[in-house]
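> Have a look at this prediction, sequence included:
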Amino acid sequence: GAVVSQHPSWVICKSGTSVKIECRSLDFQATTMFWYRQFPKQSLMLMATSNEGSKATYEQGVEKDKFLINHASLTLSTLTVTSAHPEDSSFYICSARDPGGGSVYTQYFGPGTRLTVL
Amino acid sequence: AQSVAQPEDQVNVAEGNPLTVKCTYSVSGNPYLFWYVQYPNRGLQFLLKYITGDNLVKGSYGFEAEFNKSQTSFHLKKPSALVSDSALYFCAVPDLSGGSYIPTFGRGTSLIVHP
């Protein structure tokens, strides 16, 4: 099946710094990727839709200047948390659909990145 | 708007016993329904989906789900639970409008299988 990777898996940073998280589709090309945020024992909250070669589409309430998304190629999307604060600490998960796969409805998820801001 | 509901925050079951994780849905038109599993500090893994066809859908790791239109339910089941099945389970329904197919997730149910 399709594989999505994320790097890093765990990051700790100081308040005020910026952190970049990478999401890669390893064996397929993804024109669209999705970024989610998950708080402990809660469901996933869609933050934005990342479109290759164009601007990301952010969900209501998500600060686009705070969470910068770049989808520079068909296999890579990045999420940069700028000027991070402790309240940004969370589990960030990306996903993608495999357009060449069996179902356009099935999402493939990365393993997630645990961000802790001190 | 399409939505799914998982009425239980947590399900406890003894190893070897059958398990059920509940999901009900509210959609317009024919529902497409999914189950995902999340192990600690990991992303979601696809378990199974219902698009059309047989009401009983078989998926990964011995799981199955039964689509029940009259009860608007899509409960996840397994005949004999394993300790390794302990995880967070999400029911989801994709947004079919506009071709985005972005899933809306239930709040998740924590399954705890006791040895």
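On my side now, so go ahead. Numbers count the residues shown, from 1 in each chain, chains lettered A, B, ... in the order given.
> Find the residue closest to the residue in chain B that chain A sits nearest to in space, skipping its chain neighbours.
In chain B, the residue found nearest to chain A is residue B:43; the distance is 3.7 Å by Cβ to the nearest Cβ. Backbone N, C-alpha and C define where each C-beta goes, glycine included. Leaving aside its chain neighbours, residue B:43 sits nearest to residue A:109 (3.7 Å; criterion: Cβ to Cβ, 6 or more residues apart in numbering or on different chains).
> Which positions are bridged to that neighbour in the beta structure?
As for beta bridges, residue A:109 partners with residue A:95 under DSSP bridges.
> I'd like to know how far residue B:15 sits from residue B:59.
Counting by Cβ to Cβ, to the nearest Å, the gap between residue B:15 and residue B:59 amounts to 20 Å.
> Secondary structure element holding residue 47?
Picked chain A for this. strand A:44-51 (DSSP states H and E).
> I was after chain B.
Element membership for residue B:47 (DSSP H and E) is strand B:44-50.
> Average pLDDT for that strand, rounded please.
Averaging the model's pLDDT scores along strand B:44-50 yields 91.
> what ranges do the strands span in the chain?
Since no chain was named, I'll use chain A. Counting by DSSP state E, chain A has these strands, from start to end: A:4-7, A:10-13, A:19-25, A:32-38, A:44-51, A:57-58, A:67-73, A:76-81, A:90-97, A:107-109, A:113-117.
> Switch to chain B, please.
With DSSP E as the criterion, chain B has strands spanning B:3-5, B:10-14, B:19-21, B:24-26, B:33-38, B:44-50, B:56-58, B:64-68, B:73-78, B:87-94, B:103-105, B:109-114.
> one step back: and the strands of chain A, which one averages the lowest pLDDT?
If you rank the strands of chain A by mean pLDDT, strand A:107-109 sits at the bottom with a mean of 87.
> ok, back up a step: quick one: the residue of chain B closest to chain A and residue A:114 touch, right?
No. Using Cβ atoms under 8 Å, residue B:43 is not in contact with residue A:114, being 11.3 Å away.
> Would you check how far apart the residue of chain A found nearest chain B and residue A:87 are?
The shortest separation between chain A and chain B is 3.7 Å, found at residue A:109 (distances taken as Cβ to the nearest Cβ). If you measure residue A:109 against residue A:87 using Cβ to Cβ, the figure is 24 Å.
> With neighbour numbers in mind, choose between these two.
Higher neighbour count among residue A:109 and residue A:87: residue A:109, with 22 against 8, using other Cβ atoms under 10 Å in any protein chain shown.
> give me every residue that touches the more buried one.
With contacts defined as Cβ atoms under 8 Å, 6 or more residues apart in numbering or on different chains, the neighbours of residue A:109 are A:4, A:93, A:94, A:95, B:36, B:43, B:44, B:45.
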